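Trainee: need a 3D model of the sequence below.
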Amino acid sequence: DDGCAALSRLLHPSSGLALVRLNLGCNSIGPAGGAALAAALSGNASLTYLNMYQNHLGDAGAAALAGVTVLRSLNIGLNSVTSAGAEAIAHNLSALRDLSLRSNSLQASG
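Mentor: The predicted model follows:
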């Protein structure tokens, strides 16, 4: 999660970096790292693809990433996300066209 805090400074809109795709799969990123990334990306207008597969985001990290409303593709498979995290994403990511929640702990309500 400390690495995400450092990366977040580079991803903040004020940095001038205009990434379109970001792959952070398999990096042991937890809820705090997900929240740091989401905060940095909240004003980002260019990022449309985010891969966070096989991290440790949980519901808190998923809910934080739901605030990155420009995303068109999000992979948060294998992140211990439950129905609560899936619902946060469903309510906030209207631009989303491709979502992977593979290998999480979803129930019928999510």
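Trainee: how far away is His56 from Ala66?
Mentor: Distance, His56 to Ala66, by Cβ to Cβ, to the nearest Å: 17 Å. Every C-beta, even on glycine, is put in place using the N, C-alpha and C of the backbone.
Trainee: of these two, give the one with the bigger neighbour count.
Mentor: Using other Cβ atoms under 10 Å as the criterion, His56 and Ala66 rank with Ala66 on top: 22 against 17.
Trainee: which residues does the more buried one contact?
Mentor: Residues near Ala66 by Cβ atoms under 8 Å, 6 or more residues apart in numbering: 38, 88-89, 91-93.
Trainee: also Cys4?
Mentor: 24, 29, 32-34, 36-37.
Trainee: now, the contacts of Ala66 that are in helices?
Mentor: Among the contacts of Ala66, the members found in helices (DSSP state H) are 38, 88-89, 91-92.
Trainee: quick one: buried ones out of those?
Mentor: Among the ones in helices among the contacts of Ala66, those classed as buried by neighbour count (16 or more other Cβ atoms under 10 Å) are 38, 88-89.
Trainee: now those residues as CSV including distance to Ser8 and pLDDT?
Mentor: Shown next, in CSV, are those (distance: Cβ to Cβ, whole Å; pLDDT from 0 to 100):
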residue, distance to Ser8, pLDDT
Ala38, 9, 94
Ala88, 20, 93
Ile89, 20, 92
